[in-house]
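Participant: Next one to model:
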Amino acid sequence: MSQDREHLQLLAIFHYVVAGLAALFSFFPLLYTTVGVIFIFAARHGTAKPGEDLPPEFLGWIFAVIGSALFLIGIAMAICILIAGRSLALRRRYSFVLVMACIECFFLPFGTILGVFTIIVLSRESVKGLFSTAGVQESG
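Facilitator: All right, here's what the predicted structure looks like:
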């Protein structure tokens, strides 16, 4: 039983680390947003050289919207991983943590490793018991 608690604590710490990495990497799509804003600015205020056309403004909007959307998705994912780590530490929200572990498997390489180990630990009956007794103790 103490080994299960130790595994859950280690998984919680690793979730915090992966959440930080996910938040860091979610800033890279902002480069696309910056390029899009530059295209929009050039299309509205630029002057074309002889024989060249300015980039179309809609292309800038496509870059800006996709970059912003990917940034927001990345930040949301980092927050969900952070919540999953906190839930592991508190031994609450078993279903949420299990779903997040499955989703993390898509993020190579760290998310895959963390997701697989989380699924393995959560599939143990003794760990399921820890999650159910944590909820009973709080409500009782």
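Participant: helix/strand/coil for the residue lying farthest from the centre of the chain?
Facilitator: Relative to the centre of the chain, and counting by CA atoms, centre = their mean, the farthest-placed residue is residue 50 at 46.3 Å. With DSSP: H, G, I helix; E, B strand; the rest coil as the basis, residue 50 sits in coil.
Participant: With the flanking residues excluded, which residue is spatially nearest to residue 88?
Facilitator: Nearest residue to residue 88, sequence neighbours excluded (CB to CB, 6 or more residues apart in numbering): residue 12, at 4.1 Å. Quick note: C-beta positions are derived from backbone N, CA and C, even for glycine.
Participant: Now the phi/psi pair for the residue farthest from the centre of the chain, please.
Facilitator: phi -60, psi 130 (degrees, to the nearest 10).
Participant: Ok, residue 52 next?
Facilitator: phi -120, psi 150.
Participant: Give me the neighbour count for it.
Facilitator: For residue 52, the count of nearby residues is 6 (other CB atoms under 10 Å).
Participant: Tell me the spacing between it and residue 42.
Facilitator: 11 Å (CB to CB, to the nearest Å).
Participant: Quick check, residue 56 in contact with residue 44.
Facilitator: No - counting by CB atoms under 8 Å, residue 44 is not a contact partner of residue 56; they are 11.3 Å apart.
Participant: buried ones in the longest helix seen in the chain?
Facilitator: Secondary structure of the chain per DSSP state H: the longest helix is helix 57-90. Of all the residues in helix 57-90, those buried under the rule 16 or more other CB atoms under 10 Å are 60, 63-64, 67, 70-71, 74, 77-78, 80-88.
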